[in-house]
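Asks: I need the structure of the sequence given here:
(2 chains)
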Amino acid sequence: MYLNREEKRMLEGECGELIQKSMDLLVKVGEAYDAERMIEVTYAHLIAWELTDILFELFSQMTGNAKVRIPTTVNPLLFNMGRAKELGIPESSMTELERILSRLIKAHDKMGVIPTYTCHPHYIYELRIGEHVALTESNVVMFANAWLGARSNIEGAATAIASAITGKTPYYGLHLIGNRYGKVQIDIGRDLKPDQFDYADYGALAFWAGKSLKDRIPVYNGLSRKMTPAHAKYMCTPQILHSCAAMFHILGVTPEAPTLEATFGGKKPEDRFIIGKKQLESAFETLCSAKGREIDLVCLGCPHCNIQEIGEIAQLLRGKKVSRQVRLWIGTNEPTRILAKRMGFIDTIENAGGLVFADMCAGTGAALRMSEALGIRTVATNSATLAGVVPIRARGRVGVWFGKTRVCIASAIRGKWGNN
Amino acid sequence: MEKIVIKGRRCSKGVAQGEAVVSYNDALAMGADIDRETGLVIAPRHELQGKEVGGKILVFPTGRGSTADPWGFYWLMKIGKAPKAIINIKANPTTVAGAIISGIPMIHELDKNPLEVIETGDIVCLDANKGIVEVIKVKKS
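Replies: Reported below is the predicted structural model:
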């Protein structure tokens, strides 16, 4: 691999041991992919996953006193400890959680990380088309690649840190335009109404598609040209549950998909599938893993909601009350929560019995991690991400009802899963 | 005993020797799919569900799972339940990063599809530095 003078100096330890270790890791990953050289990255996103003592030790070894060289945002924390009581975290767990989470927050502050604590930092930090970046968190990577036309590989936790510290990444994978073309065409069936798709529909679609992709990038043909970035957000992680393609195209919508020919790089699709009503319904069914209709938690905002989504949820809850046996948690980032407060949405949602949490991972984080202590056995959600991940992470302890947003809210009010 | 040699690209350096455990169809997450206490594969409906990966030469098509996977992999290594080495058809970068920080040898992009050469139970000698995998076929009775 070719290294320029600066990179060689970094690798040889002339910029200090921490940069040397980071550069070493990046070069090794690059060699695994036969990267011809390193490139600069101008933004990174880190995860803030639970770091037990052993993992925090490793994290500290990698980061030390280093400051990030490039703007770097960070994923949600497991819990928002400032609101531990509202979450229902047992007293017995609080001290330990405080210890783990506050040392992580301090470490990020010391590094100069922008404390976004959100899984959709794109609301807060903007990217350019073609910008080379180093992102963790599958939905962050995929949204950046697919919707924003920026370029990132799926960075593991360690390589994102290394890139944040060095400002470099190996030139392989999705940084190369030749690797960004579509390979599989997914046609939206004529018996579907994409103009009326809910966030759940987009997620189920991506979940279904992901099963047939392996590492091939899909091109969706027939989605609504009025679809929003929030809609696209729900398509990200579900695609990657069964495949490893960290990119997708939506014909006529996403920046690298102006025409079928351009999107496929002038080649014919390797495969072509139609997803119609039957397939979509089947995806919805597969994503439901719960047994009984009683629900304990309705979880929305996976990934974090934008202000529009919070407004929609508030509208559905106006004048209504969430059932007493049900928790309703909505995840978002702190700036959006502040806006939602200004617009009266928080009051409406809280009056109905719901809670809007910032800075934390409500679904795959808090709810699953504390499911036993919080008595959460059944979760309802409009997130195909959460629905897809629960069976893997919760190992049968927690079941999911997956459906459209309005069905989730109606179920929160009834206390039982079902259409109103 | 039949011996087959295949060559590939190093993902993570080192040498290892041991018994192969093969997943032919299912991708594997070194973090999320493996129980952090028992070292057994706990992914539901996975080809390797219930199997132990610790101390084995683990062969599977590619990695999957969250970007926190390298931490999970490192954790497995720390508790002594990590595989001795990993062989993929084409590696997922999160698995590669995990293997490197854990010091577990790993190879991919071999000149023959490893899933067509290696069967569970075969003895595999792997030199990731040189990119060489030697497979000693164990005769099945």
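Asks: quick one: name the residues of the stretch 201-350 of chain A near chain B.
Replies: Those residues of the stretch 201-350 of chain A that sit near chain B, judged by C-beta under 8 Å from any C-beta of the partner chain, are A:215, A:240-244. In short, each C-beta sits where N, CA and C put it, glycine included.
Asks: most neighbours among those, please name it.
Replies: residue A:240 (28 neighbours; other C-beta atoms under 10 Å in any protein chain shown).
Asks: which residue packs closest to it, ignoring adjacent ones?
Replies: residue A:138 (4.8 Å; C-beta to C-beta, 6 or more residues apart in numbering or on different chains).
Asks: report the contact partners of that neighbour.
Replies: A:154, A:236-237, A:240, A:246, B:66-67 (C-beta atoms under 8 Å, 6 or more residues apart in numbering or on different chains).
Asks: out of the helices and strands in chain B, which is least certain?
Replies: Lowest on mean pLDDT, DSSP states H and E among the helices and strands of chain B sits helix B:69-78, with a mean of 92.
Asks: whatever helix or strand comes next after that one packs against which elements?
Replies: As assigned by DSSP states H and E, the chain's next helix or strand after helix B:69-78 is strand B:85-88. Packing contacts for strand B:85-88, counted by 3 or more C-beta pairs under 8 Å, 6 or more residues apart in numbering or on different chains; DSSP states H and E, involve strand B:9-12, strand B:57-60, helix B:93-102, strand B:106-108, strand B:123-127.
Asks: the last one pairs with which strands, and in what direction?
Replies: Meaning strand B:123-127. Neighbouring strands of strand B:123-127 in its sheet, by DSSP bridges, are strand B:15-22 (antiparallel), strand B:132-136 (antiparallel).
Asks: picking that back up, and the two most separated of the residues of the stretch 201-350 of chain A next to chain B?
Replies: A:215 and A:241 (13.8 Å; C-beta to C-beta).
Asks: most packed of the helices and strands packed on strand B:85-88?
Replies: Sort these by mean neighbour count, taking mean count of other C-beta atoms under 10 Å in any protein chain shown, and helix B:93-102 sits at the top with a mean of 30.
Asks: give me the packing partners of that one, helices and strands only.
Replies: helix A:17-32, helix A:157-166, strand B:9-12, helix B:69-78, strand B:85-88, strand B:106-108.
Asks: same thing but at 6 Å, please
Replies: helix A:17-32, helix A:157-166, strand B:9-12, helix B:69-78 (3 or more C-beta pairs under 6 Å, 6 or more residues apart in numbering or on different chains; DSSP states H and E).
Asks: before we move on, the earlier item: would the least confident helix or strand of chain B count as contacting chain A?
Replies: Yes - residues of helix B:69-78 contacting chain A under C-beta under 6 Å from any C-beta of the partner chain: B:69-71, B:74, B:78.
Asks: which parts of the stretch 101-250 of chain A are strands?
Replies: Ranges of strands in the stretch 101-250 of chain A, per DSSP state E, counting those that start in this stretch, are A:134-135, A:168-170, A:184-188, A:218-221, A:249-250.
Asks: kindly report the same for the stretch 251-400 of chain A.
Replies: Using DSSP E, counting those that start in this stretch, strands in the stretch 251-400 of chain A cover A:271-275, A:297-305, A:327-332, A:354-358, A:378-381, A:399-402.
Asks: can you check the pLDDT for residue A:50?
Replies: On the pLDDT scale, residue A:50 is placed at 69.
Asks: kindly report the same for residue A:21.
Replies: 96.
Asks: what's the most buried one of the helices and strands packed on helix B:93-102?
Replies: Buried most deeply of the helices and strands packed on helix B:93-102, by mean count of other C-beta under 10 Å, is helix A:157-166, with a mean of 30.
Asks: could the C-alpha coordinates of that helix be exported in PDB?
Replies: The C-alpha trace of helix A:157-166 is given here as PDB (Å, rounded to 0.1, in the frame of the first residue of the first chain):
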ATOM      1  CA  ALA A 157     -16.000   0.600  16.500                       C
ATOM      2  CA  ALA A 158     -12.200   0.500  16.600                       C
ATOM      3  CA  THR A 159     -11.500   1.700  13.100                       C
ATOM      4  CA  ALA A 160     -13.900   4.700  13.500                       C
ATOM      5  CA  ILE A 161     -11.900   5.800  16.500                       C
ATOM      6  CA  ALA A 162      -8.600   5.200  14.600                       C
ATOM      7  CA  SER A 163     -10.000   7.400  11.700                       C
ATOM      8  CA  ALA A 164     -11.200  10.100  14.100                       C
ATOM      9  CA  ILE A 165      -7.700  10.300  15.600                       C
ATOM     10  CA  THR A 166      -5.700  10.200  12.400                       C
END
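Asks: got the domain boundaries for chain A?
Replies: A:5-177, A:181-285, A:288-414 (automatic domain parsing).
Asks: follow-up on the earlier one: for the helices and strands packed on helix B:93-102, could you give me a markdown table that also reports distance to residue A:413?
Replies: Output for these, formatted as a markdown table (distance: least, C-beta to C-beta, whole Å):
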| stretch | distance to residue A:413 |
| --- | --- |
| helix A:17-32 | 49 |
| helix A:157-166 | 39 |
| strand B:9-12 | 51 |
| helix B:69-78 | 38 |
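Asks: circling back: turn the strands of the stretch 251-400 of chain A into a markdown table, columns for mean neighbour count.
Replies: Supplementary listing: the strands of the stretch 251-400 of chain A in a markdown table, determined by neighbours: other C-beta atoms under 10 Å in any protein chain shown:
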| stretch | mean neighbour count |
| --- | --- |
| strand A:271-275 | 16 |
| strand A:297-305 | 28 |
| strand A:327-332 | 26 |
| strand A:354-358 | 22 |
| strand A:378-381 | 28 |
| strand A:399-402 | 24 |
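Asks: want to throw the helices and strands packed on strand B:85-88 into TSV with mean pLDDT?
Replies: Listed next are these as TSV, based on pLDDT from 0 to 100:
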stretch	mean pLDDT
strand B:9-12	97
strand B:57-60	96
helix B:93-102	95
strand B:106-108	97
strand B:123-127	97
